[in-house]
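1. Predicted model and sequence follow; I will ask about them next.
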Amino acid sequence: MKKKVAVLLLRVAGAPDQPTKTYVEQLYTAAGKGTNNLVDYYEDMSHGKLDISDCTVYDWIDYNHTAQDLMDEWTKAQAQKEDELLKAGVDKTKATDAANIYANAIRRGKITEWGNEAATKNNQSITGFDIIVYIFNQPIDFFGSTGYTVISWNPDGNNHAGNSIGLAGTSHEFGHALGLMGHARMEGSAEEYGDLWDIMGDYHYTSDKRGTFIPPPNDSKYFTYGPGLNAAYMDIMGWLDKSRVYTAAGSTSFQLRPLHRRDLPGWLCAQLNIGNETIYVEFRMNEKWDNTFSAPCIFLHKKAAHPGDGTPCTEIIMTDPANPDKANQVDLRSGQSYSLGDVSDPFGFYTSLTVTHIDTEQRIAYINLYVRYKRRFEPQGRLFGAIERGGGGYVWTPGRGLKKIPPRSPLVNIIELIGEMESLHELESNGHNTNEMTIGQLSKIRDAVTAMIDGRRQLKVPKEYSVDRHHKQ
């Protein structure tokens, strides 16, 4: 899949022409391929299915408008919309909020409209392109939508290396232009940018997720870096190489390679059907696009919908919500597990995914999945000389006399206890310590068998023939 890209360099009066045209060509086009630029990034994120190297970068031209012109458009639109809503009887607070959103859309529409006008005036044709990139030489805005993106140079020192047009911000906004509309989120949260380990969920690109800046690799030419795109979002976009995806719906063991390392043999992610959900399991190394991660780890993602507008997005699953360290709430490292259900209930649903080992030198993660589905024990077999269900009949046995047929034999209870013990053995083979529970089940089996044997040894006669020693004549 190829996307044809045009980049407009738009000069707003009062600032130098930054970044340079050469820098932008290195970042956006085939001229910088092999330097870990945007072309390399989306080639890896798409498992080789997306090619954006056909990119034309036009030289700097006058935008013919200022930041104040854009602010004036916002103010006018906001006032008109708020007045309209108030006259319609909308609450003041709600009217103001809605008017602000409307004004933002109007202002952003003007940014691209005036950019197109500048290109036309300077004979820079933007017809026939799939994506238009508008780059400004001073802070104007940072956003993207299907088919276009707007980014700005910001030399105020708040951006590392004095450059806001780095790989991370460019990758995020370009993702929106490609159709990655929803932000990646934390499981069950309405917070935007909640998934700090995904390019569509992390707007603080240069953090190590704990607030400390980690610089990009020494060979990076693009100042900020990563992170990569998660497997669930890759699947939404049709980029996930299904021939490299391990699938399972029950207990299993498997190995994974890092998600974006197509050059290495083996599975690049796993797609597991657990309960009512499909979970994507991915291995990420703290290198290249993910160099800001503190350690190699496993992430679990699932597809979701934006709680506001229903836009497709993804959620990172919380593996340890109680952990005060936010990074450790979602990642799994060697020896750590994620589980659902009650392990002590042999007949209830339970699953456990354990990272048994991560070999950092070989870049292999070893993972074990145990799934126990909810089940109900039903006695099986053939009945001899008995009635399956109590029907009001009686049986005469020597020493016990007439006996009403019970609805079920005590042996059924014993068989159930044995079945529960077998379930506990199965859990123990999957790494769970169930010694105390197993001993408890054996004790119950012993007591049940003893009670049944004692009951059979006691001589019994029908009640109507028994002598009541307390009866007075």
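-> Ah, there it is. Residues are numbered from 1 along each chain as shown.
2. and the nearest residue to Gly48 once chain neighbours are set aside, which of the three is it?
-> Distance criterion C-beta to C-beta, 6 or more residues apart in numbering; nearest residue to Gly48, sequence neighbours excluded, is Arg262 at 6.2 Å. Any C-beta I mention is one placed from the backbone N, CA and C, and that applies to glycine too. Put simply, Arg262 is coil when judged by DSSP: H, G, I helix; E, B strand; the rest coil.
3. Counting neighbours, what do you get for Arg262?
-> Counted with other C-beta atoms under 10 Å, residues neighbouring Arg262 total 15.
4. Met45 too?
-> Neighbours around Met45, by other C-beta under 10 Å: 25.
5. residue contacts, the residue lying closest to it once chain neighbours are set aside?
-> Among residues not flanking Met45 along the chain, Leu229 sits closest, at 4.3 Å (C-beta to C-beta, 6+ apart). Residues in contact with Leu229 (C-beta atoms under 8 Å, 6 or more residues apart in numbering) are 45, 175, 180, 198-200.
6. before we move on, what about Val12?
-> Taking C-beta under 8 Å, 6+ apart, one finds 63, 65-67, 136-138, 140 in contact with Val12.
7. Got the domain ranges for the protein?
-> Taking automatic domain parsing as the reference, the chain has its domains at 5-179, 231-372, 394-465.
8. Of these, which is nearest Ala190?
-> domain 231-372 (5.1 Å; C-beta to C-beta).
9. residue ranges with poor pLDDT in the stretch 51-200 of the chain?
-> 156-163 (pLDDT under 70).
10. For it, which segments count as strands?
-> Taking DSSP state E, counting those that start in this stretch as the criterion, the stretch 51-200 of the chain carries its strands at 55-57, 61-62, 131-136, 143-145, 148-152, 185-186.
11. centre of the chain versus the first one, how much separation?
-> Right, the one you point to is strand 55-57. 34 Å (C-alpha atoms, centre = their mean, to the nearest Å).
12. Quick one: residues in contact with it.
-> So strand 55-57 is contacted by 4-7, 9, 21, 24-25, 28-30, 39, 129 (C-beta under 8 Å, 6+ apart).
13. mind listing which of those residues are in strands?
-> 5-7, 9 (DSSP state E).
14. Closest one to Leu268 out of those residues, please.
-> Within the ones in strands among the contacts of strand 55-57, the smallest distance to Leu268 is 26.6 Å, found for Val5 (C-beta to C-beta).
15. Next up, the contacts around the closest one.
-> 28, 52, 54-56, 129-133.
16. mind running it again at 7 Å?
-> 28, 52, 54-55, 129-131, 133 (C-beta atoms under 7 Å, 6 or more residues apart in numbering).
17. Same list (these) but as a markdown table, adding distance to His357 and neighbour count.
-> Listed next are these as a markdown table, based on distance: C-beta to C-beta, whole Å; neighbours: other C-beta atoms under 10 Å:
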| residue | distance to His357 | neighbour count |
| --- | --- | --- |
| Tyr28 | 40 | 24 |
| Ile52 | 37 | 24 |
| Asp54 | 43 | 14 |
| Cys55 | 42 | 22 |
| Phe129 | 48 | 18 |
| Asp130 | 44 | 16 |
| Ile131 | 42 | 19 |
| Val133 | 43 | 25 |
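18. closest to Tyr233 among those residues?
-> Nearest member of these to Tyr233, counting by C-beta to C-beta, is Ile52, at 17.0 Å.
19. What sits closest to the closest one if chain neighbours are left out?
-> Nearest to Ile52 is Lys3, by C-beta to C-beta, 6+ apart, at 4.9 Å.
20. between the longest helix along the chain and strand 148-152, how big is the angle?
-> Taking DSSP state H as the criterion, the chain has its longest helix at helix 92-121. Angle of helix 92-121 versus strand 148-152, following axes from the mean of the first three to the mean of the last three C-alpha atoms, to 10 degrees, is 90 degrees.
21. Which positions in helix 92-121 come out as buried?
-> For helix 92-121, burial by neighbour count (16 or more other C-beta atoms under 10 Å) applies to 95-96, 98-99, 102-103, 106-108, 110-112, 114-115, 118-119.
22. again with stretch 188-207
-> Neighbour count says stretch 188-207 has 193-202, 205-206 buried, by 16+ other C-beta under 10 Å.
23. residues in contact with Ala177?
-> Taking C-beta under 7 Å, 6+ apart, we find Ala177 in contact with 131, 144, 146-149.
24. cool, Arg372 as well?
-> 349-350.
25. what separates the residue nearest in space to the middle of the chain from Thr360, distance-wise?
-> Residue closest to the mean C-alpha point of the chain, counted by C-alpha atoms, centre = their mean, is His301 at 2.2 Å. To Thr360, His301 is 22 Å away according to C-beta to C-beta, to the nearest Å.
26. What is the burial count for Glu277?
-> Neighbours around Glu277, by other C-beta under 10 Å: 11.
27. and the closest residue to it other than its chain neighbours, bridged to which residues?
-> Nearest residue to Glu277 in three dimensions, chain neighbours excluded: Lys302, at 5.9 Å (C-beta to C-beta, 6+ apart). Listed beta-bridge partners, Lys302: Glu315 (assigned using DSSP bridges).
28. still on that earlier bit, dump the domains of the chain into TSV; add distance to Lys221 as well.
-> Formatted as TSV, the domains of the chain follow (distance: least, C-beta to C-beta, whole Å):
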stretch	distance to Lys221
domain 5-179	6
domain 231-372	14
domain 394-465	46
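29. Return, as residue ranges, the portions of the stretch 351-473 of the chain with sub-threshold pLDDT.
-> 376-446, 449-473.
30. closest to Thr314 among the contacts of strand 55-57?
-> Val39 (23.7 Å).
31. Would you confirm that that closest one contacts Gln26?
-> No: counting by C-beta atoms under 7 Å, Val39 stays clear of Gln26, with 10.0 Å between them.
32. Mind listing the shared neighbours of these two?
-> Common neighbours of Val39 and Gln26 (C-beta under 7 Å, 6+ apart) are Gly32.
33. which one of those two has more residues nearby?
-> Neighbours were counted for Val39 and for Gln26 using other C-beta under 10 Å; Val39 has more, 24 against 19.
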